[in-house]
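In: got a sequence here, can you build the structure:
(one chain, ligands or ions: 3)
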Amino acid sequence: MTTTLITGGTIVNAEGQITADVLVDGEIIVGIGVGRRWQADQEIDARGKLVMPGGIDAHTHLEYPIDAFTTQTSDDFATGSRAAVHGGTTTFLDFVKKAPGNTLWETFVERQATAEAKSIIDFGLHAIVPPTSQQADVHDDLRRLTAERGVTSWKFFMAYAAQMLDDGELLAGMDLARELGVLSLVHAENGHMVSRDTDLLIAAGHTQEHYHLQAHGHEQEAEAVHRAIVLATAVDAPLYVVHVSSAQAATELAQARARGARVWGETCPQYLATAYEDYEGLGDAAAGYICSPPIRERSNQDALWTHLAAGALSTVATDHAAFCMAQPDDLPPQKLRSPGYFPKTPNGVPGLEDRLKVIWELGVVGGRIDPCRFVDLMAASPAKLFGLYPQKGTVSVGADADIVVWDPEADHIVRAATSHSRTDYNLYEGMRVTGMPVHVFSRGRHLLDDGVEAADPGPGRYLARTASGTPVPSRRKSER
Ligand SMILES: NC(=O)NCCC(=O)O
Ligand SMILES: [Zn+2]
Ligand SMILES: [Zn+2]
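Out: Ligands and ions are numbered 1, 2, ... in the order given. Below you'll find the model as predicted:
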């Protein structure tokens, strides 16, 4: 087993910072100290650098099927996990959506095997709870997945015609989740309102890509967040709202947390760093920005940052669902398959490689959050919420050696051409960022060495997770 000594860096955890050496033996961090005279097979000089836990992206869609499994996202588990490493992310949590003709259990087993064969970093899988019309005995499979595969988070859709659940299904699912110690995730938009507004826009001839925003109003998201909180509270289930995009929706979370409700919110870089104004005038190319909930007006961003700093929003994940603009030979039509007609544009945007860089730049360099809160949002909180802590999400003795050595001075321009995700555009194209991962370790494997990727990275591992560690929300000072 290889030993590694990372010397002289500033270790940044969610709780605080300390300058010390880190000793790794095989897969595990075995020592943190100063002046210890440790010997190791390799030594990394981290003076002037930050030593942080590897990023955990709790929301990705790699080779994710859409449109009744006729199309999928362009990054597979191999390309996506490689892109993640280049961005300082060492763990991702993806989803299993029941395939037609298979049960949820069967689909899960197959998808886990696919990801195990391809991913170079560790990963977990959330189960998507299908409507009972698609699988009547789905609760049996959910029980089994939780007991036998450590699937301690389930996602409920409140939108998308083929996937959305009614309130009765939500209540029953969340009730079972609470009983099993599972965290309930919701995609919170009122699907009926989205469908109606889409139809009205089509009838009025307003189908250009940028009209997507108008079919997904703030009220539709805020209403669904409010309803999800009411339903989860009724059955005493902890709740995690994915991809919160609207300030109004984030306020619903803040108010619920102020009442002591066990609710958490996630937002995404695309809602903080890009805005409707960036794609309003792009014509068909605005397809590259289409995701749900939508990328909203710039005036919405400040409130999201405030909620991130104050605590109503607890994590930043990407919702990475990459598609190409041009048509790759081996994939079905992607973003531009219906130019000028947003209802048929695949939903989703890339960002797995960019998450840490973009949030460091706008958050830490921009003076909105400190490095400890950055680590909290990017690694520690997702690890705690999704049953991975303290194995992951911290640089501590006994934790997995998932480590990022971060150069806070490194200057870089984000470009699709130099990125590793399998897509041909980048939402952050041309953005200058200060701060880059220079070394990335995943369970001690040196996957990025001074920016150079390992030739033979070896496999990532499926993470059977423990019951979600959802503590009573400790409200940050500014939330009280
Ligand atoms: N967000 C999005 O537009 N696509 C990915 C699927 C989802 O999370 O809703
Ligand atoms: Zn969603
Ligand atoms: Zn998603």
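In: in three-state terms, label residue 324 for me.
Out: coil (DSSP: H, G, I helix; E, B strand; the rest coil).
In: now do the same contact list for it.
Out: With contacts defined as C-beta atoms under 8 Å, 6 or more residues apart in numbering, residue 324 is in contact with 74, 331, 334, 335, 422, 423, 424, 425. C-beta: built from backbone N, CA, C; applies to glycine.
In: those helices in the stretch 151-300 of the chain, which residues are they?
Out: 167-180, 191-203, 218-234, 247-258, 269-273, 276-279 (DSSP state H, counting those that start in this stretch).
In: tell me which of those sits nearest to ligand 1.
Out: helix 269-273 (9.3 Å; C-beta to the nearest ligand atom).
In: got the CA coordinates for the closest one in CSV?
Out: This file holds the C-alpha atoms of helix 269-273, laid out as CSV (Å, rounded to 0.1, in the frame of the first residue of the first chain):
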residue,chain,number,x,y,z
PRO,A,269,-24.0,26.9,-9.8
GLN,A,270,-26.2,27.7,-12.9
TYR,A,271,-28.7,29.6,-10.7
LEU,A,272,-25.9,31.6,-9.1
ALA,A,273,-23.6,32.3,-12.0
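In: averaged pLDDT, it. What do you get?
Out: Averaging pLDDT along helix 269-273 yields 98.
In: does that helix reach ligand 1?
Out: No - Helix 269-273 lies out of reach of ligand 1 by C-beta under 6 Å from any ligand atom, never closer than 9.3 Å.
In: so can I have CSV of the helices of the stretch 151-300 of the chain showing mean neighbour count?
Out: Shown next, in CSV, are the helices of the stretch 151-300 of the chain (neighbours: other C-beta atoms under 10 Å):
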stretch, mean neighbour count
helix 167-180, 18
helix 191-203, 16
helix 218-234, 21
helix 247-258, 22
helix 269-273, 24
helix 276-279, 17
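In: any chance of those helices in JSON lines, plus distance to residue 138?
Out: Formatted as JSON lines, the helices of the stretch 151-300 of the chain follow (distance: least, C-beta to C-beta, whole Å):
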{"stretch": "helix 167-180", "distance to residue 138": "8"}
{"stretch": "helix 191-203", "distance to residue 138": "19"}
{"stretch": "helix 218-234", "distance to residue 138": "18"}
{"stretch": "helix 247-258", "distance to residue 138": "27"}
{"stretch": "helix 269-273", "distance to residue 138": "31"}
{"stretch": "helix 276-279", "distance to residue 138": "37"}
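In: which ones are touching residue 75?
Out: 62, 63, 83, 320, 322, 350, 352, 421, 422, 423.
In: once you drop chain neighbours, what's closest to the second one?
Out: This means residue 63. Excluding its sequence neighbours, the residue lying closest to residue 63 (C-beta to C-beta, 6 or more residues apart in numbering) is residue 76, at 4.3 Å.
In: got the domain ranges for the protein?
Out: 3-53+394-453, 55-387 (automatic domain parsing).
In: neighbouring strands - and their directions - for the worst-scoring helix or strand of the chain on mean pLDDT?
Out: Least confident helix or strand, the chain: strand 71-72 with a mean of 91, by mean pLDDT, DSSP states H and E. Strand pairing for strand 71-72, using DSSP bridges, gives strand 65-66 (antiparallel).
In: give me the contacts around the partner strand.
Out: Contacts of strand 65-66 (C-beta under 8 Å, 6+ apart): 71, 72, 73, 97, 99, 346, 347.
In: out of those, who's nearest ligand 1?
Out: Out of the contacts of strand 65-66, the member with the shortest distance to ligand 1 (by C-beta to the nearest ligand atom) is residue 347, at 3.2 Å.
In: number of nearby residues for that closest one?
Out: 18 (other C-beta atoms under 10 Å).
In: that one and residue 291: what is the separation?
Out: 5 Å (C-beta to C-beta, to the nearest Å).
In: over to residue 221?
Out: 13 Å.
In: what's the answer for residue 22, then?
Out: 37 Å.
In: contact residues of the stretch 1-150 of the chain facing ligand 1?
Out: residue 61.
In: shaky segments in the protein?
Out: Residue ranges of the chain with pLDDT under 70: 468-480.
In: helices of the stretch 1-150 of the chain, residue ranges please.
Out: Under DSSP H, counting those that start in this stretch, the stretch 1-150 of the chain gives helices at 77-86, 104-118, 138-149.
In: could you count how many residues lie near residue 124?
Out: 26.
In: tell me how far residue 176 lies from residue 156.
Out: From residue 176 to residue 156 the distance is 11 Å (C-beta to C-beta).
In: now residue 433
Out: Applying C-beta to C-beta to residue 433 and residue 156 gives a distance of 35 Å.
In: who's more crowded, these two?
Out: A direct count of neighbours by other C-beta under 10 Å for residue 433 and residue 156 places residue 156 higher, at 25 against 20.
In: my guess is the more buried one contacts residue 175, does it?
Out: No - using C-beta atoms under 8 Å, residue 156 makes no contact with residue 175, being 11.8 Å away.
In: return the residues in contact with residue 196.
Out: Not one residue lies near residue 196 by C-beta under 8 Å, 6+ apart.
In: of the contacts of residue 324, which pair is most distant in space?
Out: 331 and 425 (14.8 Å; C-beta to C-beta).
In: neighbour-wise, which of the two wins?
Out: Neighbour count, other C-beta under 10 Å: between residue 331 and residue 425, residue 425 has more, with 21 against 14.
In: my guess is that one contacts residue 288. True?
Out: Yes - proximity of residue 425 to residue 288 meets the contact threshold set by C-beta under 8 Å, at 5.2 Å.
In: name the residues contacting each of the two.
Out: residue 325.
In: ok, which stretches of the stretch 1-150 of the chain are strands?
Out: 3-13, 16-25, 28-33, 42-45, 50-53, 55-57, 65-66, 71-72, 89-96, 122-128 (DSSP state E, counting those that start in this stretch).
In: from ligand 1, how far off is residue 437?
Out: 25 Å (C-beta to the nearest ligand atom, to the nearest Å).
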